[in-house]
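J.: coords please:
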Amino acid sequence: MMNQKVLDDFNFERLSLVENGLLVLMIWALLNIAFFAVAQHFLSGYKKQFSLMNIYWNVVNLVLSLSGLFSHQEQLERLSLAQTIEAQYSLEKILLFNAGLDVGYIFLGLWLIQKSLTSSKSQERFKGYGQSIVIQGLWLFLFDLTFYAFLNEHGQSLTSLLDI
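T.: Reported below is the predicted structural model:
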């Protein structure tokens, strides 16, 4: 029979990892917003557009991290072994899916940079937005894969919880 205390401890550790990941994302977003909000006053051309897209991008990161942290507070309930396995692997799949989206963001940014070379109308916007999206996409890719690695390592201990 499964020891509920061991299962509760596993879930508490998983939720702590999630909370820490969301806090890292929130801090990244706040630092980007603050830095680039100030930088807006000193930049022009494509660098100003780069700065502006970093602000936009990180407002979304901030909203996502805060909503995750608020919903996370309500997840401290007792889960069965099946629910625990589902929660663990569901989150891992989400992070891998997000890493795939991040690759898409990087290619979108590269496409915008390439488009800036042939655009006469919005060259600065395409270049600045493109560079920002590439950098933010790269950071999110590293973040999602690192977050996945920590959660996956934690999830490896699930097999020791199974009564086999």
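J.: What number of residues are in the vicinity of V63?
T.: Residue crowding around V63 was assessed by other C-beta atoms under 10 Å; the count is 12. Glycine gets a C-beta too; all of them are placed from N, C-alpha and C.
J.: Which helix or strand contains it?
T.: Following DSSP states H and E, the helix or strand that holds V63 is helix 45-72.
J.: pLDDT (mean, whole number) over that helix?
T.: Per-region confidence: helix 45-72 scores 94 on mean pLDDT.
J.: Offset the numbering so it begins at 41, please.
T.: Understood, numbering begins at 41; the last thing we discussed is helix 85-112.
J.: following that helix, which helix or strand comes up?
T.: helix 121-156.
J.: Can you check what angle separates that following helix from helix 85-112?
T.: Using axes from the mean of the first three to the mean of the last three C-alpha atoms, to 10 degrees, one finds that helix 121-156 and helix 85-112 are set 170 degrees apart in direction.
J.: which residues touch Y169?
T.: Applying C-beta atoms under 8 Å, 6 or more residues apart in numbering, we find Y169 in contact with 89-90, 92-93, 149, 152.
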